[in-house]
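Undergrad: Let's see this in three dimensions:
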Amino acid sequence: MLAALSVQAEPQAPMYWRRRFPGETDQARVVRAFAGHLLVGLPALDDVLLVLNELVVNAVLHTRSGEDGGHFTVEISQDPRVVLVSVTDEGGPAAPSVRPARIP
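TA: Residues are numbered from 1 along each chain as shown. So this is what the prediction gives:
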């Protein structure tokens, strides 16, 4: 799973961070602390932390990242115009497929 959020940032030099985390639900708190420390003062910080929390929990609960020994990776980049965050997980047990719509 790869997802991203782009928000307006204050002008500054471009920065990039990447960190791998164990696939455990308590790591959502650690990811929020990691991002909060890096992006202190960002006007949209609460939104960024909310999105990261959702992505981490989804990765751990719904992909192989949450299995024994699983991991996920968080990437944060910030340049003078935007902040981009993403969570990359270890994928699911099968290839994604489209299911037919259920009509009640």
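Undergrad: Can you point out the buried residues in stretch 14-26?
TA: For stretch 14-26, the neighbour count (16 or more other Cβ atoms under 10 Å) marks 21, 23 as buried. Just so you know, the C-beta spots here come from the backbone N, C-alpha and C atoms, and that holds for glycine as well.
Undergrad: what comes into contact with that stretch?
TA: 27, 30-31, 34, 38, 56-57, 59-61, 64-67, 69-80, 89-90 (Cβ atoms under 8 Å, 6 or more residues apart in numbering).
Undergrad: ok, of those, which come out buried?
TA: Using 16+ other Cβ under 10 Å as the burial test, the contacts of stretch 14-26 include 27, 31, 34, 38, 56-57, 59-60, 64-66, 70-74, 76-78, 89-90 as buried.
Undergrad: Filter those residues down to just the ones in helices.
TA: Counting by DSSP state H, the part of the buried ones among the contacts of stretch 14-26 found in helices is 27, 31, 34, 38, 56, 57, 59, 60.
Undergrad: in the protein, which spans are strands?
TA: Under the criterion DSSP state E, the chain contains strands at 4-8, 15-22, 71-78, 82-88.
Undergrad: Partner strands of the third one and their direction?
TA: Strand pairing for strand 71-78, determined by DSSP bridges: strand 15-22 (antiparallel), strand 82-88 (antiparallel).
Undergrad: mean confidence for the first one?
TA: In this model, strand 15-22 has an average pLDDT of 96.
Undergrad: Check the offset of that strand from the chain's centre.
TA: 10 Å (Cα atoms, centre = their mean, to the nearest Å).
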